[in-house]
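> When you get a sec, could you give me coordinates for this:
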Amino acid sequence: MAQNSKIIWTKTDEAPALATQSFLPIVKAFLSTAGAEVELQDISLAGRIIANFPDFLSDEQKIDDALTELGELAKKPEANIIKLPNISASIPQLKAAIAELQSQGYSLPEYPEEPASEQEAEIKQRYDKIKGSAVNPVLREGNSDRRAPFAVKQYAKSHPHAMGAWSRDSKSHVSSMDSGDFYGSEVSATIEKAGTLSIKFVSAAGSTSTLKASVPVLEGEIVDASVMSMVKLKAFLEREIQDAKDKGVLFSLHMKATMMKVSDPIIFGACVEVYYKNVFDKYADLFESLGVDAKNGLGDVYAKIKGHEKQQEVEAAIQEVYQSRPALAMVNSDKGITNLHVPSDVIIDASMPAMIRTSGQMWNAEGNQQDTKATIPDRSYSGVYQAVIEDCRLHGAYDPTTMGSVPNVGLMAQKAEEYGSHDKTFQLTEAGSVQVVNERGEIVLEQAVEAGDIFRMCQVKDLPIQDWVKLAVTRAQATGAPAVFWLDENRAHDAQLIRKVNKYLSNHDTSDLEILIKSPVEATEYSVERIRKGLDTISVTGNVLRDYLTDLFPILEVGTSAKMLSIVPLMNGGGLFETGAGGSAPKHVQQFEQEGYLRWDSLGEFLALAASLEHLASANDNAKAKILGVSLDQAAAKFLENDKSPARRLGGIDNRGSHFFLAMYWAEALAEQSEDPDLQGKFAAVAEQMKGSEEKINEELIGAQGKPQVIGGYYHPSDDLASKAMRPSDTLNAIVDNM
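Below you'll find the model as predicted:
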């Protein structure tokens, strides 16, 4: 057996982090029998903040920068990383985490939204690296292979989740810009020779300034530049708001302000300013003096005005807006939290599938479902959602008992495409042009801009493209399903990519395979026609569509994206195993704190661990690890069939109980295998102990429910308190700890 039999388990945030306190001791105990070490690394939002500000902390408070270390590990062949869902922090979340850490004695600086000194600018730069989805681009040194495991798909067919009925009279639809957006303005080029680009702004008066001094590029790399016009964006939003009012539908905005942490909060803020125009115009001076930032949503107005002498006046003015504007889609009808309240509340890849699954409707202020205008300003990918809505309007809801599957092969390695554009995204303060220039002074790409416009530059390297094409061919060969590249020949970036796809497909034997290239809308129509017939279709997409589709189809197919198998074969030979989406994890934590009940489903962790063990076995010639992985898959199938996922309410098994049943089924599967008598003997005893103590363990786990839990923090809970809360069964703990 090779030396490095180590799996890295990531400590993240919210419900997955609490679940880790219960499940990781079980994992460590089981894997120790195969000589495999499991190491916990803290990449939580709080952990990232602490790691990036050592100069403000005592020696006892300092921790290593685990994310940077794991980013380096991901480039090595020995990498084996299990990555749980993490917070993609918006500014309100970042500020809340900072405040919590300060209350715990960490003398961290405040987040300076408008730096007044060089020191504040440097502090803001450090925090800005932490906010948004800072984790994924660092770890994803490979492309994505995401699909529904067989056991999950079979369970969904025999235990179908609820799907809302559709009406042909539905008024729900998607609205996008027809000019002035990123799609319409995009220009693209393929780099012929490795070098360095810079991004410069040339004002209308002719003065030149540098926006970014150095952007290294490799031979064969595709670079893009695009612009969102602020004038056209606001005009579009005004038209769509009025159209929603005229049609009597809810108005909603669907963005990815967490992942697209520079561009999308600006667009979100523009929508807030347009919808609440009367308020922002009337109180412009007051809002400026209070530091109100529309990019943080309407919630920022409520937070900043609180306690001010004009609080009631401003809040009354906000309520007046609702008399003349269309009703807003609600995030929480009971609490009056609208779609425009906080940018991180509505994430497009989760909110759009939920809307489609719920009869194409969202919730209104009265807590009822209503037809909705889903506003997605940039049209690059919005047509995908409109195509699914139109299909459901014409043919009705999908049937989970018969529908096929749409697994995904996603191009995401090395910060590909839009998701790597943050450090090359700028909002311009005056008119002129933005130029992407090579080291010889030649203009590679250029965009004319007006004041307020958003410029962004994206990159995708050639080796990840080659690996992506290879992975698509491999999955098509393994499954026999058609593989469809979702690429639009009328979009500048995609036109470059299509040439490369055709070139690299010729390196593989595809004679017996069906491999197609279709625009995203055509690919959607093709895929949904097939899934209605029970047929599978592999979607082969860029980074953003990878994100959107691996929520859209799983939520329709199996009820949640958290149950998907998400494997990232790292380009240098290692493996990254992701455990599904965060989903409603914040609500789960709040429920746990209030009544000691955690509804988080760890099935994603079970599936990822099984795949990680398979990789460990192959990479290290570890036969015991292979048996553990196969047995875990069998246990997960039995877990699903016996319906041991957390129940939806107090008194049933919660996350902790689900871990017990998984462990018992895993031990039973290991005891029944005959390939390794040593493992068989060890786990026969464990299975017997667990089965014999099942009633007592259940009593102890369910008996811990119904009481408020003190865990010492939301973003940075106490490990001791969280462990005590998540391991309340002394009987189970004794069995696990004695292994």
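> Contacts for stretch 590-597 next, please.
15, 18, 598-599, 649-650, 654, 704-709, 711, 714, 725 (Cβ atoms under 8 Å, 6 or more residues apart in numbering). Any C-beta I mention is one placed from the backbone N, CA and C, and that applies to glycine too.
> how about the residues you listed, which pair is most distant?
Greatest spatial distance among the contacts of stretch 590-597 (Cβ to Cβ): Arg649 and Tyr714, at 22.3 Å.
> Compare these two and say which one has the larger neighbour count.
Looking at Arg649 and Tyr714 with other Cβ atoms under 10 Å, you find the greater number of neighbours at Tyr714, namely 16 against 11.
> and that one, what is it in contact with?
Each residue near Tyr714 by Cβ under 8 Å, 6+ apart is listed here: 14, 96, 100, 589, 593.
> Please repeat the previous calculation with a cut-off of 10 Å.
13-14, 46, 96-97, 100, 586, 589-590, 593 (Cβ atoms under 10 Å, 6 or more residues apart in numbering).
> so what are the domain limits for this protein?
Following automatic domain parsing, one gets these domains for the chain: 1-88+133-141+570-739, 173-182+229-395.
> Among the contacts of stretch 590-597, which are located in helices?
15, 18, 725 (DSSP state H).
> about what we covered before: between the contacts of stretch 590-597, which is nearest Ala74?
Comparing these against Ala74 with Cβ to Cβ picks out Ala15 as the nearest, at 24.7 Å.
> these two touch, right, that closest one and Gly580?
No - counting by Cβ atoms under 10 Å, Ala15 sits too far from Gly580 to count as a contact (11.5 Å).
> Spell out which residues are contacts of both of those two.
Listed as contacting both Ala15 and Gly580 by Cβ under 10 Å, 6+ apart are 84-85, 601-602.
> Restrict those to the buried ones and give me that as a PyMOL selection.
To isolate the buried subset of those in PyMOL, counting by 16 or more other Cβ atoms under 10 Å, use the following:
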select buried, resi 84+85+601+602
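> Most widely separated two among the shared contacts of Ala15 and Gly580?
Spanning the widest gap among those are Leu84 and Asp601, at 12.5 Å by Cβ to Cβ.
> circling back to that earlier point, quick one: which of the contacts of Tyr714 sit in helices?
If you go by DSSP H, those have 14, 46, 96-97, 100, 586, 589-590, 593 in helices.
> Need the max-distance pair from the residues you listed.
The most widely separated members of the ones in helices among the contacts of Tyr714, counting by Cβ to Cβ, are Ala46 and Gln590 (17.3 Å).
> and Leu197, helix, strand or coil?
Using DSSP: H, G, I helix; E, B strand; the rest coil, the structure places Leu197 in strand.
> List the contacts of Lys157.
The neighbourhood of Lys157, defined by Cβ under 10 Å, 6+ apart, consists of 399-403, 534, 557-558.
> before we move on, the earlier item: need the residues touching each of Leu84 and Asp601.
Shared between the contact lists of Leu84 and Asp601 (criterion: Cβ under 10 Å, 6+ apart) are residues 15, 19, 580.
> which one of these sits closest to Gln154?
Distances from Gln154 to these, taken as Cβ to Cβ, are shortest for Gly580 (17.9 Å).
> Now do the SS call for the closest one.
With three-state DSSP as the basis, Gly580 sits in coil.
> Could you do Val406 as well?
Assigned state for Val406: coil (three-state reduction, three-state DSSP).
> can you tell me how far it sits from Leu513?
17 Å (Cβ to Cβ, to the nearest Å).
> for Glu614, same thing?
For Glu614, the distance to Leu513 equals 25 Å [Cβ to Cβ].
> Ser133 now?
33 Å.
> With neighbour numbers in mind, choose between the two.
Applying other Cβ under 10 Å to Ser133 and Leu513 shows that Ser133 carries more neighbours, namely 19 against 16.
> okay but that one is in contact with Asp349, surely?
No - if you go by Cβ under 10 Å, Ser133 and Asp349 don't touch, sitting 11.5 Å apart.
> Touching both of these two, which residues are there?
Residues touching both Ser133 and Asp349 (Cβ under 10 Å, 6+ apart): 256, 259, 547.
> just the helices in the stretch 401-550 of the chain please.
462-479, 492-505, 520-531, 543-558 (DSSP state H, counting those that start in this stretch).
> so which of the ones you listed is the most packed in?
Among the helices of the stretch 401-550 of the chain, helix 543-558 has the highest mean neighbour count (mean count of other Cβ atoms under 10 Å), at a mean of 25.
> of the domains of the chain, which approaches Gln447 most closely?
Of all these, domain 173-182+229-395 comes closest under Cβ to Cβ, at 10.5 Å.
> distance between the ends of the closest one?
Using Cα to Cα, to the nearest Å, the end-to-end distance of domain 173-182+229-395 comes to 15 Å.
> what sits against the residue lying closest to Tyr302 once chain neighbours are set aside?
Closest residue to Tyr302 apart from its sequence neighbours, by Cβ to Cβ, 6 or more residues apart in numbering: Glu315 at 7.4 Å. Listed by Cβ under 10 Å, 6+ apart, the contact set of Glu315 reads 279, 301-302, 305-306.
> Find the nearest non-adjacent residue to Asp676, please.
Nearest non-adjacent residue to Asp676 (Cβ to Cβ, 6+ apart): Ile627, at 5.5 Å.
> which element is that neighbour on?
Counting by DSSP states H and E, the element that carries Ile627 is helix 623-641.
> That helix: how far from the chain's middle?
In terms of Cα atoms, centre = their mean, to the nearest Å, the centre of helix 623-641 is set 27 Å apart from its chain centre.
> How about stretch 453-466?
On the basis of Cα atoms, centre = their mean, stretch 453-466 sits 19 Å off its chain's mean C-alpha point.
> tell me the mean pLDDT over that stretch?
What stretch 453-466 shows for mean pLDDT is 97.
> Okay, now it: how far is its last residue from its first?
Using Cα to Cα, one end of stretch 453-466 lies 34 Å from the other.
> in the helix or strand where Pro92 lies, what counts as buried?
Element membership for Pro92, per DSSP H and E: helix 91-103. Within helix 91-103, the residues that count as buried by 16+ other Cβ under 10 Å are 91-95, 97-98, 100-101.
> Quick one: list the elements packing against it.
helix 45-52, helix 118-130, helix 298-305 (3 or more Cβ pairs under 10 Å, 6 or more residues apart in numbering; DSSP states H and E).
> Could you tell me the angle between that helix and helix 45-52?
70 degrees (axes from the mean of the first three to the mean of the last three Cα atoms, to 10 degrees).
> which regions of the stretch 101-250 of the chain sit below the pLDDT cut-off?
Counting by pLDDT under 70, the stretch 101-250 of the chain shows no low-confidence range.
> got the phi/psi numbers for the spatially closest residue to Thr524 that is not a sequence neighbour?
Sequence neighbours aside, Ala387 is the residue nearest to Thr524 in space, at 4.1 Å (criterion: Cβ to Cβ, 6+ apart). Note on Ala387: its backbone torsions stand at phi -60, psi -40 [degrees, to the nearest 10].
> was I right about Ala387 contacting Met352?
No - contact between Ala387 and Met352 fails when scored by Cβ under 10 Å: they sit 11.9 Å apart.
> and for these two, which residues touch both?
Val174.
> contacting residues for the residue nearest to Asp676?
The contact partners of Ile627, by Cβ under 10 Å, 6+ apart, come to 33-34, 613, 617, 669-670, 673, 675-676, 679-680, 683.
> cutoff 6 Å now
Neighbour list for Ile627: 673, 675-676 [criterion: Cβ atoms under 6 Å, 6 or more residues apart in numbering].
> Likewise for Glu273?
Glu273 is in contact with 280, 294, counting by Cβ under 6 Å, 6+ apart.
> What's the mean pLDDT across the helix or strand hosting it?
Under the criterion of DSSP H and E, Glu273 resides in helix 263-275. Throughout helix 263-275, pLDDT has a mean value of 97.
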